[in-house]
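**Student:** one predicted model, sequence on top.
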Amino acid sequence: MASTSTSRTKLELEYALRSSPNILYQYISNPSGLQNWFADHVGVKNGENYKFKWDDGTEMDALLVKAVTSKYVRFKIVDAVDTDEFLEFRIQQDAITLDIDLIITEFVNSGDEESAASIWDAAVDSLRFTIGA
């Protein structure tokens, strides 16, 4: 059986949110916060091994590799195609306007960027509703 190689693309999306970095960080860094908008079920073992589950049966295992309070969290996807792939939620605050952006970085199959962006748009809409942003 011949295997097919799918190229992966780094996708970076930026969303403006009306929230403080401290509040937003709670929604990107802990299981209950992530469960409010990102995945239907989030479990964590030993503080760093995350399991994300969605109601459609999809699951993703990830290792929390870096977290900086009120700044960002980065997960290494356990069974990623490329070992350099990660999922990152970064909070960026404009120094002048103090506007807050959530920057999401993930890797998707080439050609799937638009559908992935639509999924993130819906997830972030849910986050906005949850935090009142």
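**Tutor:** Alright, I've got the coordinates.
**Student:** pLDDT weak spots in this structure?
**Tutor:** The chain contains residues with pLDDT under 70 at 1-5, 133.
**Student:** what about the longest helix in it?
**Tutor:** helix 113-131 (DSSP state H).
**Student:** how distant is stretch 63-77 from the center of its chain?
**Tutor:** Centroid separation for stretch 63-77 versus its chain: 10 Å, with C-alpha atoms, centre = their mean, to the nearest Å.
**Student:** for it, buried residues please.
**Tutor:** By neighbour count on 16 or more other C-beta atoms under 10 Å, the buried set for stretch 63-77 is L64, A67, K71, Y72, V73, R74, F75, K76, I77. In this view, the C-beta of every residue, glycine as well, is placed from N, C-alpha and C.
**Student:** ok, stretch 39-46 next?
**Tutor:** By 16+ other C-beta under 10 Å, the buried positions in stretch 39-46 come out as A39, V42.
**Student:** all helices of the protein, in order?
**Tutor:** 21-29, 31-35, 113-131.
**Student:** out of these, which is the most enclosed?
**Tutor:** Among the helices of the chain, helix 21-29 has the highest mean neighbour count (mean count of other C-beta atoms under 10 Å), at a mean of 18.
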